[in-house]
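Engineer: 3D model of this:
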Amino acid sequence: MADILYMAAFNVHHNDPMMYGGDKKQPYQTIMTEADHKALHKAMRKFMRAINKKLISGRGRDGQAIQNMFGRKFLLKNWQSFINLM
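Structural biologist: Predicted coordinates:
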């Protein structure tokens, strides 16, 4: 029981974000605290918003719409730039 409660405090982050075309079943993922996961997504949104406000999902723009607008190559290039800053 204690193991279940301990793991509940952690999230799994997709190393290749699904909203940028990453596979839902990708083998490499990072386990982190929920607070760290939220902070990472906040920093990622801020970084991507600075490149182009349409890179952020929201009303009428889900991950698939973002992929269709910008293309996988562009999204991966900017995702890599974000990772290099971390």
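
Engineer: Quick one: list the elements packing against the longest helix along the chain.
Structural biologist: For the chain, the helix reaching the highest residue count under DSSP state H is reported as helix 34-51. Here helix 34-51 touches strand 10-14, helix 72-85, going by 3 or more C-beta pairs under 8 Å, 6 or more residues apart in numbering; DSSP states H and E. All C-beta spots, glycine's among them, are computed from the backbone N, C-alpha and C.

Engineer: Okay, buried residues for it please.
Structural biologist: Going by neighbour count (16 or more other C-beta atoms under 10 Å), the buried part of helix 34-51 is 37, 40, 44, 47-48.

Engineer: helices or strands up against the following helix or strand past that helix?
Structural biologist: Downstream of helix 34-51, the first helix or strand assigned by DSSP states H and E is helix 63-70. For helix 63-70, there is no helix or strand it packs on, judged by 3+ C-beta pairs under 8 Å, 6+ apart.

Engineer: tell me the mean pLDDT for helix 63-70?
Structural biologist: In this model, helix 63-70 has a mean pLDDT of 84.

Engineer: So what angle separates the directions of that helix and helix 72-85?
Structural biologist: 100 degrees (axes from the mean of the first three to the mean of the last three C-alpha atoms, to 10 degrees).

Engineer: in this structure, which ranges drop under the pLDDT threshold?
Structural biologist: 1-8, 57-60 (pLDDT under 70).

Engineer: again, only this time at 80
Structural biologist: Residue ranges of the chain with pLDDT under 80: 1-9, 19, 28, 54-63, 86.
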